[in-house]
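S.K.: My questions are about this predicted structure, shown below with the sequence.
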Protein chains: 10
Amino acid sequence: MTRANLTQKILSTKRRKGLSWKQIVSEIGGGSAVYVTAAVMGQMKLRPEQAERAAAMFDLAEEEKLLLQEVPYRGSLPTAVPTDPLIYRFYELVQVYGTTWKELIQEEFGDGIMSAIDFDMMIDRQPDQKGDRVKISMSGKFLPYKEY
Amino acid sequence: MTRANLTQKILSTKRRKGLSWKQIVSEIGGGSAVYVTAAVMGQMKLRPEQAERAAAMFDLAEEEKLLLQEVPYRGSLPTAVPTDPLIYRFYELVQVYGTTWKELIQEEFGDGIMSAIDFDMMIDRQPDQKGDRVKISMSGKFLPYKEY
Amino acid sequence: MTRANLTQKILSTKRRKGLSWKQIVSEIGGGSAVYVTAAVMGQMKLRPEQAERAAAMFDLAEEEKLLLQEVPYRGSLPTAVPTDPLIYRFYELVQVYGTTWKELIQEEFGDGIMSAIDFDMMIDRQPDQKGDRVKISMSGKFLPYKEY
Amino acid sequence: MTRANLTQKILSTKRRKGLSWKQIVSEIGGGSAVYVTAAVMGQMKLRPEQAERAAAMFDLAEEEKLLLQEVPYRGSLPTAVPTDPLIYRFYELVQVYGTTWKELIQEEFGDGIMSAIDFDMMIDRQPDQKGDRVKISMSGKFLPYKEY
Amino acid sequence: MTRANLTQKILSTKRRKGLSWKQIVSEIGGGSAVYVTAAVMGQMKLRPEQAERAAAMFDLAEEEKLLLQEVPYRGSLPTAVPTDPLIYRFYELVQVYGTTWKELIQEEFGDGIMSAIDFDMMIDRQPDQKGDRVKISMSGKFLPYKEY
Amino acid sequence: MTRANLTQKILSTKRRKGLSWKQIVSEIGGGSAVYVTAAVMGQMKLRPEQAERAAAMFDLAEEEKLLLQEVPYRGSLPTAVPTDPLIYRFYELVQVYGTTWKELIQEEFGDGIMSAIDFDMMIDRQPDQKGDRVKISMSGKFLPYKEY
Amino acid sequence: MTRANLTQKILSTKRRKGLSWKQIVSEIGGGSAVYVTAAVMGQMKLRPEQAERAAAMFDLAEEEKLLLQEVPYRGSLPTAVPTDPLIYRFYELVQVYGTTWKELIQEEFGDGIMSAIDFDMMIDRQPDQKGDRVKISMSGKFLPYKEY
Amino acid sequence: MTRANLTQKILSTKRRKGLSWKQIVSEIGGGSAVYVTAAVMGQMKLRPEQAERAAAMFDLAEEEKLLLQEVPYRGSLPTAVPTDPLIYRFYELVQVYGTTWKELIQEEFGDGIMSAIDFDMMIDRQPDQKGDRVKISMSGKFLPYKEY
Amino acid sequence: MTRANLTQKILSTKRRKGLSWKQIVSEIGGGSAVYVTAAVMGQMKLRPEQAERAAAMFDLAEEEKLLLQEVPYRGSLPTAVPTDPLIYRFYELVQVYGTTWKELIQEEFGDGIMSAIDFDMMIDRQPDQKGDRVKISMSGKFLPYKEY
Amino acid sequence: MTRANLTQKILSTKRRKGLSWKQIVSEIGGGSAVYVTAAVMGQMKLRPEQAERAAAMFDLAEEEKLLLQEVPYRGSLPTAVPTDPLIYRFYELVQVYGTTWKELIQEEFGDGIMSAIDFDMMIDRQPDQKGDRVKISMSGKFLPYKEY
């Protein structure tokens, strides 16, 4: 039983039961839509009480429930450059804006990085007459390079 | 004269004149900090009047001014997986959250993508007692997959 | 049950029943030959009524019918550079004409791209005395790079 | 003097003289916009009389004029997977539609390929109220796999 | 049932029955040793009557017989650069002679390629006192690049 | 002065003097068209008297003449998978026929390889009503794997 | 003037003047041996007063002194897997111990990472009768994955 | 039964029995936490008496117990550049500090390497008011390059 | 039944029966330790009488015995650059000494290669007070490049 | 001045002066043919007195003489898999015999590796009636994996 197998099993149950991510996030509770979805997709861990509720919803065995509480080996993509168009667009942003992010963050904050660990993110629908927009807000703690 | 050479030349002048991106963006005008910086970094084009002001600031020759108005061959990174830690963290987000973005955007909007072309972005400092945070807000038009 | 497994199962049934793509497209209905075939090949989703008809034709189980209505993780090739000669020729066009497309589309439309999402395509036989030709017509909405 | 250097030189002259591809194609003559542009971009060869006119337009030396008449080492992209968004979209089409092209062309024509050599292409603007579209029409001779 | 699985099954039967390629080619008939072997190895398709005889020889099920008549996804090697020494030597020839082939074929025939589709090949033993030689003769139709 | 630079210089002189490979091979002498061309293209070495004649023809300096007599670091292609269509077709043959070559050569000769070192090759025009063909004949000594 | 060029220039001066890293670190001052060496090798920035002393020691021009104070694009290796044996051994540790580090750090600290930004390192000689040992001590702040 | 399968089985038992690495290391005994954990993770071998105790704890069959005593094919990561953030940070250290390690170790010890074989490592928690730190101490025998 | 599966099965039997390579080589007979081990590891073929004895020792079925007599698809490593430290050291020798081997062999023998086919190898223990050494002696026939 | 440039310069002087490696090794002295050649090829360092003699022989400047005494960044090949046939054969040995070396060395010596650092090598001509052979003898200290 690997985490990848478990994710496949959960997605199969989600499909058969006609569950939406909204329902899943609400039922598991205790976290934002992005975080909880990422956990169910095998990239984050759930807390015990969350795993309990997930196990009930997805008819999981005991070991599967425990597996959901383990930190996974992260990395959700089968190739270094993603082939799926929705995901590729984010890779494209890294390619096009990578050096710009570096310049602007470093000018504002000094030498360091935006943490991808002490980090949160929200995805929202932004109504727009010319076509609604996907709005992504992310915030990561600035971590200054330690001089030693 | 390639665009990459021009970027190197501009960065050299920026360094020698002690210019900040804030000054550069304000001087060139006509756009947001992210867009104008990306243009100067060789990933976007400038409009004629912007290029005129950039040329004055960076002591550019006529051809260099014209080159700034051309659409560049985009892609700012020397390797497919970025080695610079600040930029890598964004690649890491794609690896960790790629499939989550796909699930949540598709549940909310249907089959399609967030455009990286009809797209805008802002980078802000978010004061925080435990350490200030880098806040990135991006919004891209949702483009539904056309069924035909 | 992954989408790739489902595609294998469907191709097996197609083979055993001696179905042609023409028959499949006509039976599933509601879309062009290219779109419907791409869906059956695991790269597009079907609408419920289409999936219903596909399920009947290919003797699919309930979950498989639901899977056909999900947006797949796109990318149909096992390697970044395709090894199959028919498919490679299209990759070759990208290698040979990539920069030409860029120049001509940008001169005509300005900075932007041809959408691969708001996109349609037709494949036709073009009779020719020296040997019939494959005619491919594609049209994608021009998406101008947003200046912001 | 490599072909890549010559392309850079020509693009520089095009920029300084403010030439458009329309003008260049019309001046060089004897071919379609796509073919002639591809030749100037270093992916096709020009015939002697075309090279003569190109040399006049771009102030080329004798050897440079000869180089334009040589068959180039083809392949216009710096990476196997293109990073430029406009060009990437075409690579994406290969990833998404590759197996579909294979199925439909083979069902219609039998075992074989669409030639990328006995091949032509046109790029047009397709007016559309919801936003103009890029229309690409390509036709390649079908080459049946020889059984022997 | 994929074509790769079928090839494995056929090779297993070949092994158990002690069949040689000479016998297989002669029994299946209707083609040269190279073509028929390539088909059995999963890289070409067989015609119905050939598949019928192959099915009898290898005890194939109905679907397997049909699969042999389908055009396969071509590409017989597990890595882009082959590791098997016999096959690598051919890759080495591409590396060492690639540019030479290009020069000599283009000087003789003009701009174009040797087709790998309208193509045939023979492998023979060439007796030689210093050690017999493998003789490979291949011929492909010259396809001139279309100017348009 | 690297061999690659020397090859560029020679090709430039060839271009300016309007030399053909036929003339070059005939003038340098002492070898077949394929071998001598490969040497001039930087993949084989010339014997002293051949290098002498090449130096005269291409106006080479003393060191350049010596360099032509050195064994080069072989490998003529800028990428592992060639992008040039003429050369790619040969790579395609390796992909499609690699395992077939292995089966047929080993059945005929036993365990071993066709040498790419004790090897010769000829390229000829094969007149054909349906379009002339490129004929390539290669012969390599069979080298049996030594059992020890 | 790129940072890589500057590093080359500094190493050349170090060589000609016979400077040791001990001397360089002591002269530049204000930091540990590892940090200051990394800065001179182009992977960290120096503070103004450090850059001043470095400029004096290495005879740097004004712009070069400024460049030393800029945050570099990090990544010191020409290939993703290092070829130099001394450096490769560290890559080998990542390959052999990667999953072990993950298990032990996560069991002790919970879900999170060891920061490579709020990080310091010392390299020491550890005398040993069987052969002295290289001792490397590193410490990075544990950063817990934020749940949100 | 491969070592990778065995590692999966052991991790499953660890999960179901709620064992910690501390317990496992203590129970197996005869080695440090890092070494024993690495062995259980499939990167080191256990001595017979250690394997005996591991077999009892994880309910292993006879062959599995023997497999734990074999030297594994080392390399614990699915990709050359690790995607898991915790492990990637160590790869990042190699990228950022690789050339610095080389300079400092060679200046102190002469030409040679730090052994990754005659090597040991400890991972500790370093209490710190600003947040506890992961402390890693490693020591490898310096191996001088033999001159011969 | 693939050769890789068979190798796994044999290694499992070797493990369960507690066989050493010395015993295996001696029992199979008819070849050196290196050659016979390589055959059992799936990289060489066995002669019928050797396969007979191997089948008895490893309890192989008829087809498995036949498979041992077939020439395998060679290449024993899962990645192009080996991750296992013992094997990597040999790759490292290729990286460090590759060009030196080329210079010295070519100066002594002329243009050509050391055959890896007409080749033999021995591995011995070389007692040494400072620590025993692994001695590897290999000899390959020099194959001169044929001039033609 | 990089080490790679210096190697190019030395090879140019070697060529112009008609020096052989035998002469170079004998003149520089103080080491074996393999070691000294590797140093001149940029993969090992020379001792001061050796560098002195090399500088005289190759007309080197003071800095170049110093550079020869520095430990180089090792790795002599432009690609991970070598394209030159002479060098590739050694890579092929790693591919074919890698797992065999691992089995035999570990059975004889226990868990550990053959050092590529405390290592020496000789290349000899082995006269043979059927064609002289290249004999390579290498010996590396066995380094046992430390248990800790």
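M.R.: Looks like it came in fine. On a predicted model such as this, the values are computed, not experimentally measured, just so you know. Numbers count the residues shown, from 1 in each chain, chains lettered A, B, ... in the order given.
S.K.: so how far is chain C from A:Leu86?
M.R.: Distance from A:Leu86 to chain C, counting by C-beta to the nearest C-beta, to the nearest Å: 8 Å. For glycine as for every other residue, the C-beta is placed from the backbone atoms N, C-alpha and C.
S.K.: And A:Val134, by the same measure?
M.R.: Taking C-beta to the nearest C-beta, one finds A:Val134 at 13 Å from chain C.
S.K.: and the next element down the chain from the strand or helix carrying A:Thr37?
M.R.: Taking DSSP states H and E as the definition, A:Thr37 sits inside helix A:33-40. Under the assignment DSSP H and E, the closest C-terminal helix or strand after helix A:33-40 is helix A:48-58.
S.K.: what's the next helix or strand after that following helix packed up against?
M.R.: As assigned by DSSP H and E, the chain's next helix or strand after helix A:48-58 is helix A:62-67. Contacts defined by 3 or more C-beta pairs under 8 Å, 6 or more residues apart in numbering or on different chains; DSSP states H and E place helix A:62-67 against helix A:3-17, helix A:48-58, helix H:3-17.
S.K.: Adding mean pLDDT and mean neighbour count, write those helices out as a markdown table.
M.R.: Below are these laid out as a markdown table (pLDDT from 0 to 100; neighbours: other C-beta atoms under 10 Å in any protein chain shown):
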| stretch | mean pLDDT | mean neighbour count |
| --- | --- | --- |
| helix A:3-17 | 98 | 17 |
| helix A:48-58 | 98 | 17 |
| helix H:3-17 | 98 | 17 |
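S.K.: residues contacting the residue of chain A most remote from its centre?
M.R.: Distance from the centre of chain A peaks at A:Tyr148, with 33.7 Å (C-alpha atoms, centre = their mean). When contacts are counted by C-beta atoms under 8 Å, 6 or more residues apart in numbering or on different chains, A:Tyr148 touches G:Gly31, G:Ser32, G:Val34, G:Tyr35, G:Asp120, G:Met121.
S.K.: Surely the second one and G:Asp120 touch.
M.R.: In other words, G:Ser32. Yes - applying C-beta atoms under 8 Å, one finds G:Ser32 in contact with G:Asp120, separated by 7.0 Å.
S.K.: a strand runs through A:Arg125, doesn't it?
M.R.: Yes - A:Arg125 sits within a strand when classified using DSSP: H, G, I helix; E, B strand; the rest coil.
S.K.: For the nearest residue to A:Ala55 once chain neighbours are set aside, give its distance to A:Ala4.
M.R.: The shortest distance from A:Ala55 to any non-neighbouring residue, by C-beta to C-beta, 6 or more residues apart in numbering or on different chains, is to A:Lys65 (4.1 Å). With the distance defined as C-beta to C-beta, to the nearest Å, A:Lys65 ends up 17 Å from A:Ala4.
S.K.: Would you check that A:Glu107 makes contact with B:Trp21?
M.R.: Yes - A:Glu107 is within contact range of B:Trp21, at 5.0 Å (criterion: C-beta under 8 Å).
S.K.: who has more neighbours, the two?
M.R.: Higher neighbour count among A:Glu107 and B:Trp21: B:Trp21, with 19 against 15, using other C-beta atoms under 10 Å in any protein chain shown.
S.K.: Next one: the more buried one relative to B:Gln8, how far apart?
M.R.: B:Trp21 is 16 Å from B:Gln8, by C-beta to C-beta.
S.K.: A:Gln69 - nearest residue in space that isn't next to it in sequence?
M.R.: What sits nearest to A:Gln69 in space, not counting adjacent residues and going by C-beta to C-beta, 6+ apart, is A:Ala51, at 4.9 Å.
S.K.: contacting residues for the one you found?
M.R.: Contact analysis of A:Ala51 by C-beta under 8 Å, 6+ apart lists A:Lys65, A:Leu66, A:Leu68, A:Gln69.
S.K.: How about the second one, nearest residue that isn't a chain neighbour?
M.R.: Spatial nearest neighbour of A:Leu66, chain neighbours left out: H:Arg15 (4.9 Å); criterion: C-beta to C-beta, 6+ apart.
S.K.: Run through the residues that contact that neighbour.
M.R.: By C-beta under 8 Å, 6+ apart, the neighbours of H:Arg15 are A:Glu63, A:Leu66, A:Leu67, A:Glu70.
S.K.: roughly how far apart are it and chain F?
M.R.: 42 Å.
S.K.: go on, A:Ser137?
M.R.: Counting by C-beta to the nearest C-beta - A:Ser137 and chain F are separated by 41 Å.
S.K.: Perfect, that will be all.
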